[in-house]
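Turn this into a structure:
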Amino acid sequence: MNKAEIIAILQSMPVSVNGYLGDALQPTQWNNTIEKLKTLKNSGHNGQVMVPTKFAATQKQLDYLFTNFPNVWLWYAITGLSETNLFSFEDLKNSYNYACSLSNRVVCAIRPIVPNQNDNLQFILPILEMVKNGNRMLLYEGYRDPNIVGSKKYEPKNLFKEISDYCVSNEILADQKCICIVSNVLGKKCPIHHPQKHRNLKLLKIFGYRFIVNDGVLILKGFSGSERVTRGDVAFARIVTGGMVTTNNPIISEILSIRYNKNKRLVCTSSWFSWARQQSCIINCDYCFGSYESKVRVNLDEFGCDPLRLAEDVYQREILRN
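Residues are numbered from 1 along each chain as shown. Take a look at the predicted model:
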């Protein structure tokens, strides 16, 4: 593959900015978030870019964000719980409403839904009503135990059905995966639920992945000389190829086997290639899956990169390989 082909593929990847530990829009992270968005814009990145937050962004922040980066997705995680004394639900609601007035790419995420805390319809009804009067896009996900590696997400079936019924009756686009909502808005088929024919298989080999394709399913067999395959590797391969990807007994980690520039670690979720700087989060949720006390946090201060930098690194490897 030539350099232009590699760049074109990687610069179309969906990227999340400053997720995990440390809120993307909190004052101590805001400048770094903007720097990353500027870097992506200046490098010609054309994939979807998402900024997640639990912060009640100010009008000044939102004006700047959507004036300079009009196509960015903003995900407000609003749970209805009193995670902080920094702001109230009304503050979050006002911030969300103002963001919706500026952009049609603002999504509310009731994330997480925590057992015996916010797992009943009456408790989260004010959030649903807010979404109904806003951009009508909702992500909802259950809680995962931050002290159990590989813990399953809490999925209260009755509540999830009630949320789904409410959203259907109020014409709210709702799902439990970011990629499903983004694909729907863009008029594309979700690669998770509607996998395509695999593409870019040569690039996966250049990265160092070993795999076979059987009956339309790409099965990851290992990375380089190792049989190591993480959950992040599966997600990354799915994003790159657009097809169905699986593996046997994946390591429960979103960290990729790939190393950028020989030492910097990379992370990929089911929907996003992550680029983040982790630091103390001033919101301090007591259920945080990525806190420093968590046994399953992504134990890195910084990870990820602009995909253009990754493309250049991969191309140098391809030159050496040949």
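
Run the chain-centre distance for stretch 141-155.
For stretch 141-155, the gap between its own C-alpha mean and the chain's C-alpha mean amounts to 17 Å (CA atoms, centre = their mean, to the nearest Å).

gap between the two ends of that stretch?
8 Å (CA to CA, to the nearest Å).

Counting neighbours, show which residues of that stretch come out buried.
By 16 or more other CB atoms under 10 Å, the buried positions in stretch 141-155 come out as 141-146, 154. From N, CA and C alone the C-beta is placed, and that goes for glycine too.

and the least confident of the residues you listed?
Across the buried residues of stretch 141-155, the member with the lowest pLDDT is residue 146, scoring 74.

List the contacts of residue 127.
With CB atoms under 8 Å, 6 or more residues apart in numbering as the criterion, the residues that contact residue 127 are 78-80, 108, 110.

any idea which of those residues is the one closest to residue 48?
For the contacts of residue 127, the minimum distance to residue 48 (CB to CB) is 17.6 Å, reached by residue 108.

Would you quantify the distance from that closest one to residue 98?
13 Å (CB to CB, to the nearest Å).

Looking at these two, which is more packed in?
With other CB atoms under 10 Å as the criterion, residue 108 and residue 98 differ in neighbour count, and residue 108 comes out ahead with 28 against 16.

nearest residue to that one other than its sequence neighbours?
Nearest-residue entry for residue 108: residue 131, 4.8 Å, with adjacent residues in sequence omitted and distances by CB to CB, 6 or more residues apart in numbering.

Would you map the helices across the stretch 101-250 of the chain?
In the stretch 101-250 of the chain, helices defined by DSSP state H, counting those that start in this stretch lie at 121-132, 157-169, 178-186, 201-207, 231-241, listed in chain order.

and the shortest one, what other elements does it pack with?
Helices and strands in packing contact with helix 201-207 are listed as helix 3-10, strand 209-214, helix 231-241, helix 307-321; criterion 3 or more CB pairs under 8 Å, 6 or more residues apart in numbering; DSSP states H and E.

where are the low-confidence patches of the stretch 201-322 of the chain?
Low-confidence segments of the stretch 201-322 of the chain, defined by pLDDT under 70, span residues 289-299, 320-322.

Surely residue 146 is in contact with residue 288?
Yes. With contact defined as CB atoms under 8 Å, residue 146 counts as touching residue 288 (6.6 Å).

In this structure the residue nearest to residue 108 contacts residue 137, no?
Yes. Under the criterion of CB under 8 Å, residue 131 is in contact with residue 137, at a separation of 7.2 Å.

Mutual contacts of the two, please.
With CB under 8 Å, 6+ apart applied, the overlap between the contact sets of residue 131 and residue 137 consists of 108, 172.

In contact with the residue nearest to the spatial centre of the chain, which residues are there?
The centre of the chain sits closest to residue 272, judged by CA atoms, centre = their mean, with a distance of 4.2 Å. When contacts are counted by CB under 8 Å, 6+ apart, residue 272 touches 14-16, 19, 50, 178.

mind giving me TSV with the residues you listed and columns for pLDDT and neighbour count?
What follows is the contacts of residue 272, written out as TSV (pLDDT from 0 to 100; neighbours: other CB atoms under 10 Å):
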residue	pLDDT	neighbour count
14	96	19
15	97	23
16	97	25
19	88	24
50	97	21
178	92	24
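
buried stuff in stretch 65-75?
65-66, 69, 72-75.

Now flag whichever of the contacts of residue 127 is closest to residue 159.
For these, the residue nearest residue 159 by CB to CB is residue 110; the value is 10.2 Å.

what separates the residue nearest to that closest one when sequence neighbours are not counted from residue 172, distance-wise?
Leaving aside its sequence neighbours, residue 110 sits nearest to residue 140 (CB to CB, 6+ apart; 4.4 Å). Applying CB to CB, the value for residue 140 to residue 172 is 11 Å.

Also residue 225?
Applying CB to CB, one obtains 48 Å for the distance of residue 225 from residue 172.

One more: residue 276?
Here residue 276 is placed at a distance of 29 Å from residue 172 (CB to CB).
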